[in-house]
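1. For reference, the sequence and a predicted model appear below.
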Amino acid sequence: MFAAHLDHLADEARAVLACNPLLAASSAGLPAGRNRLKRRARYAGTLSAIADIKAVAPRADAFARHFPELADGGYRHAERLPGDGKAGPVGLDPYRSSALCTWMDGLERGLGWVKSGANAEILEYYLQPDLMDADFIAERQPVRGLACGIGLLRIETLAASRMMQPRVAQCLPDFPSAEYPTVSESDLDAIAEHLDAAVSLAFAVDPAGTQLLAANLHSLHVGLRHDPLCSFSSSNELPGSAIVILSKERLRDGDHAATAAQLLHEAGHVLLGLYTTSAAASLPCDFTYVSPYKNDLQTLESILHMAYTIPWECAVRMACLSLREDPERRAREAAFVIAYASRQLPLIDIARSGLDRLGGDVLSDLPDIAAIPSWNARVLALVDRLLESETPERRPAHVAERQRVIERQAWDLGQMVLRGRDPIDPRLQSREIDETGESVTLWYDGTRHVIAKAEYRPTSKDYGRYVELIGSNASMAMEVA
């Protein structure tokens, strides 16, 4: 790839990044304000219900004191509170505290079980103000701080929490183990230095997106691992925070561009999660769509997250390509971007189809999600340009992978149909199950496929030999998408 071509591609990627569909609403603080009002009403109802249960009533006030408007019995009169919807900085907003929100959400679940007939003693598990206070204090005492204002916490802090530990188990199922070394003070210094450099680079290529990262994340739960895999994760259940586990290889190589792209990927999850969950309208929660990344049934919200965050990460990586001086690393990064984006080809049509099925009331409350597919298409157009610039030796492998993605999507859809599901995919024209119920003939993307029912249906870990063919180590990064 010629330097002039890479510079031009980087300029176009930056232009696309500046048109981020959630930029205007998030910059204006709309989702954060709506989140404050929505959670305040929910928490007021939960605390009022707890206060009405004689055995545990005193502990309602112990929980409420973390939320100034609900303290001192304010939860009894939430309907009289001002509805201005203004949220403070993420680090001072109790309704975006991972610790407080996780405990309140858990208490809400416990109360729901009691209302369904469970013994009220179950609430003892959730009504632990001392444990809640300890988690909140730990969250507000980062072990390091980034220049952008985000605090760093050890991953062990999250793992030690009764309420937040399940998220660690989801993201890092083998934690703790010998794979995760104890992070020393010097390790923390190195992690902070690396992340500071990554955020600075992110700001250089996507200033508006990086400002949203700093404005919507107060904490990163950090750690190290021995193998080359880096793990980045976030969740609506832990607002205002993300998990970042860096490999020793990433720190040694100083690949700030990859870290910058993955940080903005997580920022995308946080922004979109805040935008959708804070709205009055709700996206449908049925598992109707087959994800080309997960190879399994997902909700529309999950599809939109992949259609938003992955193109964002790819655009940042393309914007940084011209900054990579080593030709081999530059080639590997280009191969990774093309491979990573290949699964967007069926996904973008699935996202459009899902949005088309939404009622007008949902889209009127969540108007910005309607622009995600068109923004996604602009990123994919740049990926196509990148593919055109690949060497003749590499290009056939990329083209073959795109076809394999389509064939794998058809196979996954067939497996779902044979298991009695009715997945939605606009490229699926027809399907007919044979009389044995062990095979289905379907037309997908204009091609006839005859698919036998498989005893074992591999999911997101199945990437074939494509990465070996193009000589890239991209598979390790793809597994944490």
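-> Ah, there it is. Residues are numbered from 1 along each chain as shown.
2. And what about the nearest residue to Thr46 once chain neighbours are set aside, helix, strand or coil?
-> For Thr46, ignoring the flanking residues on the chain, the nearest one in space by Cβ to Cβ, 6 or more residues apart in numbering is Glu108 at 4.9 Å. For the C-beta atoms, the positions are set from N, CA and C on the backbone; glycine is no exception. Secondary structure state of Glu108, per DSSP: H, G, I helix; E, B strand; the rest coil, is helix.
3. pretty sure Glu108 contacts Arg42?
-> Yes. Glu108 lies in contact with Arg42 (Cβ atoms under 8 Å); the separation is 6.9 Å.
4. ok, back up a step: how many neighbours does the residue nearest to Thr46 have?
-> The criterion is other Cβ atoms under 10 Å. On that basis, Glu108 has 17 neighbouring residues.
5. tell me the pLDDT at it?
-> Predicted confidence (pLDDT) at Glu108: the value is 95.
6. measure Val362 to Leu355 for me?
-> 9 Å (Cβ to Cβ, to the nearest Å).
7. Go through the lengthiest helix in the chain and flag the buried ones.
-> For the chain, the helix that runs over the most residues, judged by DSSP state H, is helix 395-418. Of the residues in helix 395-418, those scored as buried under the neighbour-count criterion (16 or more other Cβ atoms under 10 Å) are 397-398, 401-402, 405-406, 408-418.
8. wait, is Gly223 part of a helix?
-> No. Note on Gly223: no helix contains this position according to three-state DSSP, which reports strand.
9. Let me see the ranges of the strands in the stretch 101-250 of the chain.
-> With DSSP state E, counting those that start in this stretch applied, the stretch 101-250 of the chain shows strands at 144-145, 151-154, 219-225, 231-233, 241-247, listed in chain order.
10. Tell me, how many residues neighbour Thr447?
-> Counted by other Cβ under 10 Å, the residues lying close to Thr447 total 13.
11. so what's it closest to, chain neighbours aside?
-> Of all residues apart from its sequence neighbours, Ala410 sits closest to Thr447 (Cβ to Cβ, 6+ apart), at 7.5 Å.
12. Can you give me the distance of the spatially most central residue of the chain to Ser233?
-> Taking Cα atoms, centre = their mean as the criterion, His269 is the residue nearest the geometric centre of the chain, at 3.6 Å. Here His269 is placed at a distance of 8 Å from Ser233 (Cβ to Cβ).
13. Val417 now?
-> In this structure, Val417 and Ser233 are 31 Å apart, going by Cβ to Cβ.
14. Residues contacting the longest helix of the chain, please?
-> Outside helix 395-418, the residues within contact range by Cβ atoms under 8 Å, 6 or more residues apart in numbering are 290, 292, 295-297, 335, 338-339, 342-343, 345-346, 387, 390, 423, 425, 427-428, 431, 433, 437-440, 442, 444-445, 447, 449, 451, 453-454, 457, 462, 464, 466, 469-470.
15. Determine which of the strands of the stretch 101-250 of the chain approaches Val205 most closely.
-> Minimum separation from Val205 across these (Cβ to Cβ) falls at strand 231-233, 17.8 Å.
16. Okay, now the sheet partners of that closest one, with direction.
-> For strand 231-233, the paired strands and their directions (DSSP bridges) are strand 241-247 (antiparallel).
17. Send me the partner strand as PDB with only the CA atoms.
-> Backbone C-alpha positions of strand 241-247 (Å, rounded to 0.1, in the frame of the first residue of the first chain) are rendered in PDB as follows:
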ATOM      1  CA  SER A 241     -17.100   1.300  33.500                       C
ATOM      2  CA  ALA A 242     -15.300  -1.300  31.300                       C
ATOM      3  CA  ILE A 243     -13.000  -4.300  31.800                       C
ATOM      4  CA  VAL A 244      -9.600  -4.000  30.100                       C
ATOM      5  CA  ILE A 245      -7.200  -6.900  30.300                       C
ATOM      6  CA  LEU A 246      -4.000  -6.200  28.400                       C
ATOM      7  CA  SER A 247      -1.600  -8.900  27.300                       C
END
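18. Now find how far off-centre it is within its chain.
-> 12 Å (Cα atoms, centre = their mean, to the nearest Å).
19. follow-up on the earlier one: okay, the longest helix of the chain in CSV with CA atoms only?
-> The C-alpha coordinates for helix 395-418 follow below in CSV (Å, rounded to 0.1, in the frame of the first residue of the first chain):
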residue,chain,number,x,y,z
ARG,A,395,-6.9,-10.6,-2.0
PRO,A,396,-8.3,-14.1,-3.0
ALA,A,397,-8.3,-15.2,0.6
HIS,A,398,-10.3,-12.2,1.7
VAL,A,399,-12.8,-12.8,-1.1
ALA,A,400,-13.1,-16.4,-0.2
GLU,A,401,-13.7,-15.5,3.5
ARG,A,402,-16.6,-13.2,2.5
GLN,A,403,-18.2,-16.1,0.7
ARG,A,404,-17.5,-18.4,3.6
VAL,A,405,-19.3,-15.9,5.9
ILE,A,406,-22.4,-16.0,3.7
GLU,A,407,-22.3,-19.8,3.6
ARG,A,408,-21.8,-20.1,7.3
GLN,A,409,-24.8,-17.7,7.9
ALA,A,410,-27.0,-19.9,5.7
TRP,A,411,-25.8,-23.0,7.6
ASP,A,412,-26.6,-21.3,11.0
LEU,A,413,-30.0,-20.3,9.7
GLY,A,414,-30.7,-23.8,8.6
GLN,A,415,-29.7,-25.2,12.0
MET,A,416,-32.1,-22.8,13.7
VAL,A,417,-35.0,-23.7,11.3
LEU,A,418,-34.4,-27.4,11.9
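20. Can you name the element that comes right after that helix?
-> Tracing the chain C-terminally past helix 395-418 and defining elements by DSSP states H and E, one meets strand 428-433 next.
21. between that next one and helix 395-418, how big is the angle?
-> Using axes from the mean of the first three to the mean of the last three Cα atoms, to 10 degrees, the inter-axis angle of strand 428-433 relative to helix 395-418 is 50 degrees.
22. who's in contact with strand 428-433?
-> If you take Cβ under 8 Å, 6+ apart as the criterion, strand 428-433 is touched by 410, 413-414, 417-418, 439-444, 446.
23. now the very next helix or strand once past that strand: mean pLDDT?
-> Of the helices and strands lying after strand 428-433 in sequence (DSSP H and E), the nearest is strand 439-444. In this model, strand 439-444 has a mean pLDDT of 96.
24. Show me the shaky parts of the stretch 351-481 of the chain.
-> The stretch 351-481 of the chain contains residues with pLDDT under 70 at 456-481.
25. go again using 90 as the cut-off
-> Across the stretch 351-481 of the chain, the stretches falling below the confidence threshold (pLDDT under 90) are 359-361, 390-391, 393-394, 454-481.
26. quick one: Ala120 from Ala315, how far?
-> The separation that Ala120 has from Ala315, given Cβ to Cβ, amounts to 51 Å.
27. Tell me which of those two has more neighbours.
-> Each of Ala120 and Ala315 had its neighbours counted (other Cβ under 10 Å), and the higher figure belongs to Ala315 (31 against 15).
28. Please give the element, helix or strand, for the more buried one.
-> Under DSSP H and E, the secondary-structure element containing Ala315 is helix 300-320.
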